[in-house]
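> Sequence and predicted model, in that order:
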Protein chains: 2
Amino acid sequence: MELLSTNVCFDGEHRRYRHTSATLQCAMEFAVFLPPAVLGTNGKPVPVLYWLSGLTCTDQNFMQKAGAQKLAARLGLAIVCPDTSPRGLNLPGEDDSYDFGSGAGFYVNATEQPWAPHYRMYDYVVKELPQLVESELPLSGERAVSGHSMGGHGALICALKNPGFYKSVSAFAPIANPMACPWGQKAFTGYLGSDQGRWEEWDATRLIPGAEERLPLLIDQGTADEFLEQQLNPEALADACEKHQHHINLRMHRGYDHSYFFIASFIDDHLNHHARALGLVA
Amino acid sequence: MELLSTNVCFDGEHRRYRHTSATLQCAMEFAVFLPPAVLGTNGKPVPVLYWLSGLTCTDQNFMQKAGAQKLAARLGLAIVCPDTSPRGLNLPGEDDSYDFGSGAGFYVNATEQPWAPHYRMYDYVVKELPQLVESELPLSGERAVSGHSMGGHGALICALKNPGFYKSVSAFAPIANPMACPWGQKAFTGYLGSDQGRWEEWDATRLIPGAEERLPLLIDQGTADEFLEQQLNPEALADACEKHQHHINLRMHRGYDHSYFFIASFIDDHLNHHARALGLVA
């Protein structure tokens, strides 16, 4: 893993790296925030929050716009932001739309051609990337996961499919029931094929009934989110949670939209949620 | 003034506007953050911080990357961010370089052709824009000014040339002595002509000896700033302040660079500095 840049930030470090991903068979870039507690000669390993971004994002949107570093620095929490898809593969149609292909990996393992050999973002974010950063950087191996929109969907399925792997999970405006919305249907058809039976293991709402671990779900959603009605459907997830006694805290915030102005407004609540689960605060 | 968009943010509002500037003779966009204290039926006018951005920026960089809204919301402080130049005028060479023309107005009133009729960013930010927003928005008329790099230079000269107009001033990594650096020399030659006698009124370091009002200068500068040695020269300003008993608090931050990661790390100190001068906190 090659260090591309470092910016000191709240006495910690924002770093960007490039590496060759065996899972995705291409070069990938990602960003890391390391709190001051890990730096210097007395530095100690810290827990890490994996942040999964939404459609069109790179590793940089969250790091530049969410304003998470101030509290993360104080808590002693690292943050790792992967990119949202493989890039630059010259696959047919790869760059044709904002909601499929580049910038839109949807955190699944594709089975359809030509995507299958590369679009394996699920394996990348739950296996290869944690193995890499947790061996190369001063991280303790305690993990949390969160994300926004497509990345909120990603965070939920990563947690629900890997009991014990993450200590906590949260999401901002997640695509909560992708099988039932246009974004999800387009992505799942393209990456997974038209057999909807094979979609269910990638849909948070469908995973709730069989979830082995009842990790509490903290979900923030703006009522003025332009994608709420057609794409996000947090009520479907909340209904499944209620039916199956899975704890969910779905907070509806009046007037907030889908932007990073919304995320910035509530990111500290999420960081504190994860910090409690990770034992960083009482 | 036409409202382009609104995002709720920390229970306040981030708004973007467009208007036709009589000073610049073109359409201009700007951004405003209004804290929750001004909204709703019990809203009251609040003081405003004018933020002047650096080279290549629009009205959006600060609003998206500085993380200022959280504390501004709590303090009850509005923020207004203008663009950094006129745009889209089709003047010869307007878009040829990042440090002259579009995105690089340098907060002066140009006297040279073809820039003179439009590149009057000084009059725009100290006259037209305050008159506009303070009559159209719930602002109290109490003002502070700050900025970054080219905008730090802008903040300093706006405050030094207008005693009593701003209650406080601060800057991040300002171009503190533009007559003595390549960025400033290029801009001043282009906008003001080659007679250096006419540059002096636009150079903060040169304005210190004759400053009528000794407004304390809070200046933050990173020691790893890639532009520190060649372009910024805060020591020249500090020397002038020392010689002329003008209070300056020049804070050198080890390891910090020129980016918004640096600004975000210390913006709250600046907001508190302005809030004290504006009577928002004790």
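Ah, there it is.
> What parts of chain A come near chain B?
A:7-11, A:14, A:64-65, A:67, A:69-70, A:222, A:224, A:253, A:255-257, A:259-262, A:264-265 (Cβ under 8 Å from any Cβ of the partner chain). Any C-beta I mention is one placed from the backbone N, CA and C, and that applies to glycine too.
> Quick check: beta-bridge partners of the residue nearest the centre of chain A?
Centroid check for chain A by Cα atoms, centre = their mean gives residue A:52 as the closest residue, at 2.2 Å. In this entry, residue A:52 is beta-bridged to residue A:147, by DSSP bridges.
> Mind jotting down where the helices sit in the stretch 1-150 of chain A?
Secondary structure of the stretch 1-150 of chain A, counting by DSSP state H, counting those that start in this stretch: helices at A:60-65, A:69-75, A:121-123, A:129-136, A:150-161.
> Check the residue nearest to the centre of chain A and give its pLDDT.
Listed pLDDT for residue A:52 reads 98.
> is it true that it touches residue A:144?
No: Residue A:52 lies out of contact with residue A:144 (Cβ atoms under 8 Å); the separation is 11.6 Å.
> what do these two both touch?
Counting by Cβ atoms under 8 Å, 6 or more residues apart in numbering or on different chains, residue A:52 and residue A:144 have no common neighbour.
> where exactly do the strands run in the stretch 101-250 of chain A?
A:139-147, A:168-172, A:217-222, A:248-253 (DSSP state E, counting those that start in this stretch).
> Deepest in the core, which of these is it.
Among those, strand A:168-172 has the highest mean neighbour count (mean count of other Cβ atoms under 10 Å in any protein chain shown), at a mean of 28.
> Bridge partners for residue A:14, pull those for me.
Judged by DSSP bridges, the bridge partners of residue A:14 are residue A:7, residue A:33.
> give me the number of residues near it?
23 (other Cβ atoms under 10 Å in any protein chain shown).
> circling back to that earlier point, can you flag the buried ones in the residues of chain A next to chain B?
Neighbour counting by 16 or more other Cβ atoms under 10 Å in any protein chain shown classes A:7-11, A:14, A:64-65, A:67, A:69-70, A:222, A:253, A:256-257, A:259-262, A:264-265 among the residues of chain A next to chain B as buried.
> what's the distance between the spatially closest residue to residue A:91 that is not a sequence neighbour and chain B?
Once flanking residues are discounted, residue A:91 sits nearest to residue A:114: 4.9 Å by Cβ to Cβ, 6 or more residues apart in numbering or on different chains. Here residue A:114 is placed at a distance of 35 Å from chain B (Cβ to the nearest Cβ, to the nearest Å).
> With residue A:128 instead?
In this view, residue A:128 and chain B are 27 Å apart by Cβ to the nearest Cβ.
> any idea of the pLDDT on residue A:92?
95.
> among the helices of the stretch 1-150 of chain A, which is nearest residue B:277?
Residue B:277 sits nearest to helix A:69-75 of all the helices of the stretch 1-150 of chain A, at 23.2 Å, using Cβ to Cβ.
> Which strands or helices does the closest one pack on?
In terms of contacts (3 or more Cβ pairs under 8 Å, 6 or more residues apart in numbering or on different chains; DSSP states H and E), helix A:69-75 is packed against strand A:12-21, strand A:78-82, helix A:260-277, helix B:260-277.
> what comes up buried for the third one?
Under the neighbour-count criterion of 16+ other Cβ under 10 Å, helix A:260-277 has A:260-268, A:270-275, A:277 buried.
> mind checking the backbone torsions on the residue of chain A positioned farthest from its centre?
In chain A, the residue that sits farthest from the middle, by Cα atoms, centre = their mean, is residue A:41; the gap is 31.3 Å. Phi and psi for residue A:41, reported as degrees, to the nearest 10, are phi -70, psi -20.
> any idea how far residue B:255 is from it?
Separation of residue A:41 from residue B:255 (Cβ to Cβ, to the nearest Å): 16 Å.
> One more: residue A:174?
36 Å.
> Same question for residue A:208.
As judged by Cβ to Cβ, residue A:208 and residue B:255 stand 46 Å apart.
> Could you find the closest non-adjacent residue to residue A:185?
Computed as Cβ to Cβ, 6+ apart, the closest residue to residue A:185 that is not its neighbour in sequence is residue A:179, at 7.0 Å.
> Enumerate every residue touching that neighbour.
Taking Cβ under 8 Å, 6+ apart, we find residue A:179 in contact with A:185, A:188, A:196, A:199-200, A:203, A:205-206.
> Perfect, I'm done here.
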